[in-house]
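Trainee: Mind looking at a prediction? Sequence and model below.
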Amino acid sequence: TPAPGDVVLVAVAQRDESKAVSVSGNGLAWTEVANVDNVQGQGGISLWRGQGASPTAGSITVTVPGNTLPVSVVAQRFSGVDPGTPVEAVAPNGGPAADDRNMLQAVTPPAAGAWAVAAAWHRSATFTVPAGETGILTNQAAGSSGATTRVSLWYEGPVASPASTQLGAANDLSTANDWAVIAVSLRPA
């Protein structure tokens, strides 16, 4: 159960990025922060934000009508985030035109003390959290073989002063693969 004013981020990784996603639960108001498809058309990631003054206990429900391919989901609650402008910057990356091992994206937090958070879809390759960054939940998989869909959520912060902050690194995937990532900055309260 989130506390009043907490922000919950939900990352939804899909093998079929053409399907619409909705998120509900915990008595929170849910807003899609960003949705990015892999440039090769292999999958995608959407990031949702939930907050509310009177959260309730229970499950978060992710609905993907008409979906027949794997979906993997990660949720995380954040405290101490500005309730008026929780997400202050968004930087999506549809990934490479040709498979590579470098799943990364920079975001510039406008406020000192912000948290830089990344949510990523990646297929068969596993992700290693780079030094200086912290995994929340990584390599959560659904499906198998070519339909494997993985989601990873990780962060760096708090970022001492506003500056471009790269999440992910060169060679952070176990093999060359397709991927998509959304990096955001969470403004401190």
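Mentor: Happy to help now that I have it. Keep in mind that this is a model prediction, so the values were computed, not measured. Numbers count the residues shown, from 1 in each chain.

Trainee: Any figure for the gap between Phe127 and Val107?
Mentor: Distance of Phe127 to Val107, given as CB to CB, to the nearest Å: 18 Å. Any C-beta I mention is one placed from the backbone N, CA and C, and that applies to glycine too.

Trainee: nope, Pro2 is what I was after
Mentor: Pro2 is 23 Å from Val107, by CB to CB.

Trainee: Check Leu137 too.
Mentor: 19 Å.

Trainee: residues contacting the most centrally placed residue in the chain?
Mentor: When CA atoms, centre = their mean is applied to the chain, the residue found nearest the centroid is Ala119 (2.1 Å). Residues near Ala119 by CB atoms under 8 Å, 6 or more residues apart in numbering: Leu9, Ala11, Ile45, Leu47, Val74, Val151, Ser152, Leu153, Val181, Ile182, Val184.

Trainee: where does the residue nearest to Gly143 when sequence neighbours are not counted land on pLDDT?
Mentor: Leaving aside its chain neighbours, Gly143 sits nearest to Pro70 (3.0 Å; criterion: CB to CB, 6 or more residues apart in numbering). Model confidence at Pro70, given as pLDDT, is 95.

Trainee: so what's Pro70 up against?
Mentor: Gln14, Arg15, Ala142, Gly143, Ala147, Thr148, Thr149.

Trainee: Which parts of this protein are strands?
Mentor: Assigned by DSSP state E, the strands in the chain fall at 7-14, 22-25, 29-37, 44-51, 60-63, 71-78, 87-93, 104-107, 114-122, 134-142, 149-159, 165-168, 179-186.

Trainee: So which elements touch the last one?
Mentor: Read that as strand 179-186. Packing partners of strand 179-186 (3 or more CB pairs under 8 Å, 6 or more residues apart in numbering; DSSP states H and E): strand 7-14, strand 29-37, strand 44-51, strand 87-93, strand 104-107, strand 114-122, strand 165-168.

Trainee: and the angle for it with strand 149-159?
Mentor: On the basis of axes from the mean of the first three to the mean of the last three CA atoms, to 10 degrees, strand 179-186 is oriented at 30 degrees to strand 149-159.

Trainee: How about Thr63: what's its closest non-neighbour residue?
Mentor: Ser22 (4.8 Å).
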